[in-house]
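K.L.:
Here is a sequence with its predicted model. Questions after.
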Amino acid sequence: MKLLQRVLSALTGPIPVTRAQAIGLSERLSAVTTLTSSLEYLAQRDQTRSGGLNHWPTARGVQGRSTPVTRKFLDALSGERTTAALHAARVAVSAGMLLPGRARWRGAGNLFLGASTAALYPRHRYGTDGSDQVSVLVQTATGMARLSARPQTQDALLWYVALQANASYLISGWVKLLGSAWKDATALSGVMRTRTYGHEPTFKLTQKYPKAAKYLTHGVLALECLFPVAYLAERQARSARDRRCGGVPCGERPDHGAGPVRHRVRLHAPDGRLHLGPEDTSVGG
């Protein structure tokens, strides 16, 4: 029984990461999103030409209520060559963000990707989705975190990303309950049959296996509505880590987070021995 509990804990429990690792993982995941998005737009440039879904002389009518300055900016940005050049730059920067490293220049790269995604959003209005919006949020926050030298600022920005992600899932899940499509499990097949977000083979699978599609649809609904439960597991894991740190909250230790250990930390372990830091040998208490 204990073995089973350990296996389940290893598979479902939270993975402890440092501040630097959290920033690195966030910026690399969002860089993959930006890289994929720009490559898709470059491969489907016919969508921005006459007759395409995002032909700018047609789509710019949506910006009729924008200020003259905004319309001029979007017109300059939405030229076919300008749009292609900007996507090529995004591909290069996104690829660079996937390389290892913690240099502060990565902050400028994150901010460029976030700003360019926001600027191109009206240009590619039809076909964008939540992943583009989340990438702007994550890249802006991680960019400022990279450029900041204060751990408190970095932590605040990481919490901002975490709370925004939590709210997006939570609100999305409970709003879905207001309609009947998600409750009667027809939403998945309905989305899969659309041209913009759909996928024909998946739609056919939902028709062939309706019971499995129903479980999957309700599973997504439960995941979103109960998303904050993930923080309960993190709280338990943090308590366990604090106990391993001799009763001192690990997050309050000077060596917690990124960078080399610059301070010795005196910890009285339960065995009565005095530990002078994670890299020092222990001495008798």
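P.N.:
Yes, it's here. Residues are numbered from 1 along each chain as shown.
K.L.:
residue boundaries of the strands in the chain?
P.N.:
267-268, 274-275 (DSSP state E).
K.L.:
pLDDT on the last one, on average?
P.N.:
So the one you mean is strand 274-275. Averaged across strand 274-275, pLDDT comes to 42.
K.L.:
quick one: Val161 and Gln139 touch, right?
P.N.:
No: using C-beta atoms under 8 Å, Val161 is not in contact with Gln139, being 10.0 Å away. Where C-beta positions appear, they are placed from N, C-alpha and C, glycine not excepted.
K.L.:
Looking only at neighbour counts, state which of the two leads.
P.N.:
Shown here are Val161 and Gln139; by other C-beta atoms under 10 Å, Gln139 has more neighbours (30 against 21).
K.L.:
Share the number of residues neighbouring the closest residue to the more buried one other than its chain neighbours, please.
P.N.:
Leaving out its chain neighbours, the residue that sits closest to Gln139 by C-beta to C-beta, 6 or more residues apart in numbering is Gly114, at 3.5 Å. The tally of other residues near Gly114 (other C-beta under 10 Å) stands at 22.
K.L.:
For Gly114, give me the pLDDT.
P.N.:
Reported pLDDT for Gly114: 95.
K.L.:
How about the one 5 residues further on?
P.N.:
The confidence metric pLDDT takes the value 90 at Ala119.
K.L.:
How about the contacts made by the nearest residue to it once chain neighbours are set aside?
P.N.:
Spatial nearest neighbour of Ala119, excluding adjacent residues (C-beta to C-beta, 6+ apart): Leu77 at 6.0 Å. For Leu77, the contact set (C-beta atoms under 8 Å, 6 or more residues apart in numbering) comprises Thr83, Leu86, Ala119, Leu120, Arg123.
K.L.:
Pretty sure the first one sits against Gly52.
P.N.:
By that I understand Thr83. No: checked against C-beta under 8 Å, the pair Thr83 and Gly52 is beyond contact range at 11.9 Å.
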